[in-house]
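Engineer: this is the structure alone, sequence omitted:
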């Protein structure tokens, strides 16, 4: 275990060196791409630090999951790995700069939902991706309030990024507090659950260094589910609703967990009529939290308009987009829009099916699977989205290697400055994902046919 701890720390130091040499810069310049790296324009040290550091972190995380001696050991080790990247440039994306400008607009009294940050005189506009300069904020009012406070306290861009990282670390602290409760309820080793989630390199790169607000959303979701998992009193059910409502006030997609939280509040196989009381209590807490935060922020529910622009990226990492790109490659017909709509419609069907099947005692893992299908059916997939289902499933289900494998893959999808490999491999990646989907569909059809014949 000493080799696991210190080998992972060595990997973190190498990743931090890559952030220092080629992280997402304050002033946007020449984009670091696989082409520029393979051509040697970025030198040798940057790619070596990035590849070797990621390899060390992934190996330490993967091989350490069966040997974690205690929850405390897992927390200390994961925290130790996070330290080297904290003073360095952001890794994996440039979103933290758009957070800063959206916080500036909020702090200055503007409306981040009314238009892009370039319309409000943000002093750090030169750091923001062109995609987000003209897009309204897609985040809930709670995150805008917190980002506004980070701007008020941080003053400079470096100070604001530090404040946003503190918010992300607070979210991870909530995850650390709630995971053991969920794990014990589900009969999972708490130490292993904490290790699987918090020591995952995905967390270090995208949630700690990149300061994505997904850390706060998932932290609130985990706390809300942990309160429900304790078979609580009415007061705790309301508190769970408040936590879940605050998660929705960070990112609206958190709403898919609410029906499963209601289901987890009653004994397995309870009649549907037994759900009305916990549903009312949780809904009251959630609605009250969202309403209060919306009132305090002065922004209402305007983030829905921003969500409509969150699908601008076209990459094979979203299965529905991959299918559309494959159809376009083979036939020449632009089918991305149609396949994305089909993906959303599939999600609308799958969520009720998951909820109905979870009535027999699978409410908590059902919440994790609901987050998983939301991620997979969405028009866009960013690497840090993999953290949503990972955080819940690691504490509520037996180990699924393919879930861990996808999380590991997600950690490697970007270069230090944020360029996504999926843009470099757009057509081949789409063809591979589509082929995998076809194989999985055929296997599932054969299983169903075999069950019918056996019955």
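Structural biologist: That came through, no problem. As the structure is a prediction and not an experimental result, all values here were calculated from the model.

Engineer: which residues does residue 201 contact?
Structural biologist: Applying CB atoms under 8 Å, 6 or more residues apart in numbering to residue 201 gives the contacts 11, 15, 54, 57-58, 61, 408, 411. Yep, even glycine has a C-beta here, placed from its N, CA and C like the rest.

Engineer: and which of these is nearest to residue 129?
Structural biologist: Taking CB to CB as the measure, residue 129 sits nearest to residue 411 out of the contacts of residue 201, at 20.8 Å.

Engineer: ok so, going back, turn the contacts of residue 201 into TSV, including distance to residue 165.
Structural biologist: Output for these, formatted as TSV (distance: CB to CB, whole Å):
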residue	distance to residue 165
11	20
15	15
54	20
57	18
58	22
61	21
408	23
411	18
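
Engineer: out of those, which end up buried?
Structural biologist: Among those, those scoring as buried are 11, 15, 54, 57-58, 61, 408, 411 (criterion: 16 or more other CB atoms under 10 Å).

Engineer: just the buried positions in stretch 34-50, please.
Structural biologist: In terms of neighbour count (16+ other CB under 10 Å), stretch 34-50 has its buried residues at 37, 42, 46-47, 49-50.

Engineer: among those, which ones are in helices?
Structural biologist: By the criterion of DSSP state H, membership of these in helices covers 37, 46-47, 49-50.

Engineer: so which pair among these is furthest apart in space?
Structural biologist: Farthest-apart pair in those is 37 and 49; separation 11.8 Å (CB to CB).

Engineer: for the buried residues of stretch 34-50, which two are the farthest from each other?
Structural biologist: 37 and 49 (11.8 Å).

Engineer: show me the shaky parts of the stretch 201-350 of the chain.
Structural biologist: Along the stretch 201-350 of the chain, the model assigns pLDDT under 70 to residues 301-312.

Engineer: swap in 80 and give it another go.
Structural biologist: Scanning the stretch 201-350 of the chain with the threshold set as pLDDT under 80 gives 231-232, 269-270, 272, 299-313.

Engineer: what ranges do the helices span in it?
Structural biologist: Secondary structure of the stretch 201-350 of the chain, counting by DSSP state H, counting those that start in this stretch: helices at 201-202, 214-229, 234-248, 258-264, 276-297, 303-307, 319-331, 336-357.

Engineer: in the helix or strand harbouring residue 12, which residues are buried?
Structural biologist: Taking DSSP states H and E as the criterion, residue 12 maps to helix 2-22. In terms of neighbour count (16+ other CB under 10 Å), helix 2-22 has its buried residues at 4-5, 7-22.

Engineer: likewise for stretch 406-424?
Structural biologist: Within stretch 406-424, the residues scored as buried using 16+ other CB under 10 Å are 406-408, 410-423.

Engineer: ok, now which ones touch residue 337?
Structural biologist: Applying CB under 8 Å, 6+ apart to residue 337 gives the contacts residue 324.

Engineer: tell me the spacing between it and residue 378.
Structural biologist: Separation of residue 337 from residue 378 (CB to CB, to the nearest Å) stands at 14 Å.

Engineer: residue nearest the centroid of this protein?
Structural biologist: residue 385 (3.0 Å; CA atoms, centre = their mean).

Engineer: where's the spatially closest residue to it that is not a sequence neighbour, which helix or strand?
Structural biologist: Spatial nearest neighbour of residue 385, excluding adjacent residues (CB to CB, 6 or more residues apart in numbering): residue 375 at 4.7 Å. Assigned by DSSP H and E, residue 375 belongs to helix 363-377.

Engineer: which other helices and strands does that helix contact?
Structural biologist: helix 157-186, helix 214-229, helix 258-264, helix 319-331, helix 336-357, helix 387-396 (3 or more CB pairs under 8 Å, 6 or more residues apart in numbering; DSSP states H and E).

Engineer: can you tell me what sits against the shortest one?
Structural biologist: For helix 258-264, contacts defined as CB under 8 Å, 6+ apart pick out 224-225, 228-229, 240-241, 244, 248, 275, 278-279, 282-283, 286, 351, 355, 358-359, 363-364, 366-367, 370.

Engineer: contacting residues for the residue nearest to the centre of the chain?
Structural biologist: Taking CB under 8 Å, 6+ apart, we find residue 385 in contact with 214, 375, 378, 410.

Engineer: helices of the stretch 1-150 of the chain, start to end?
Structural biologist: 2-22, 34-38, 45-64, 71-82, 95-107, 130-133, 141-154.

Engineer: how far does the fourth one sit from the chain's center?
Structural biologist: Pointing back at helix 71-82 there. How far helix 71-82 lies from its chain's middle: 20 Å, per CA atoms, centre = their mean, to the nearest Å.

Engineer: same thing with stretch 246-254?
Structural biologist: Distance of stretch 246-254 from its chain centroid, counting by CA atoms, centre = their mean, is 12 Å.

Engineer: next, the distance between the ends of it.
Structural biologist: Counting by CA to CA, to the nearest Å, you get 9 Å between the two ends of stretch 246-254.

Engineer: again, but for stretch 119-128
Structural biologist: Using CA to CA, one end of stretch 119-128 lies 13 Å from the other.

Engineer: kindly report the same for stretch 24-37.
Structural biologist: 15 Å.

Engineer: just how off-centre is it within its chain?
Structural biologist: Averaging C-alpha positions (CA atoms, centre = their mean) puts stretch 24-37 24 Å from its chain's average.

Engineer: hmm, back to that, need the helices of the stretch 1-150 of the chain in JSON lines with distance to residue 315 and mean pLDDT, can you?
Structural biologist: Below are the helices of the stretch 1-150 of the chain laid out as JSON lines (distance: least, CB to CB, whole Å; pLDDT from 0 to 100):
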{"stretch": "helix 2-22", "distance to residue 315": "21", "mean pLDDT": "95"}
{"stretch": "helix 34-38", "distance to residue 315": "14", "mean pLDDT": "76"}
{"stretch": "helix 45-64", "distance to residue 315": "20", "mean pLDDT": "95"}
{"stretch": "helix 71-82", "distance to residue 315": "28", "mean pLDDT": "97"}
{"stretch": "helix 95-107", "distance to residue 315": "15", "mean pLDDT": "93"}
{"stretch": "helix 130-133", "distance to residue 315": "13", "mean pLDDT": "81"}
{"stretch": "helix 141-154", "distance to residue 315": "24", "mean pLDDT": "94"}
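
Engineer: which one of the ones you listed lies nearest to residue 439?
Structural biologist: Residue 439 lies closest to helix 45-64 among these, at 24.9 Å (CB to CB).

Engineer: tilt between the closest one and helix 71-82?
Structural biologist: Inter-element angle recorded for helix 45-64 and helix 71-82: 170 degrees (by axes from the mean of the first three to the mean of the last three CA atoms, to 10 degrees).

Engineer: please tell me how far helix 45-64 is from the chain's geometric centre.
Structural biologist: Relative to the centre of its chain, helix 45-64 is centred 21 Å away, using CA atoms, centre = their mean.
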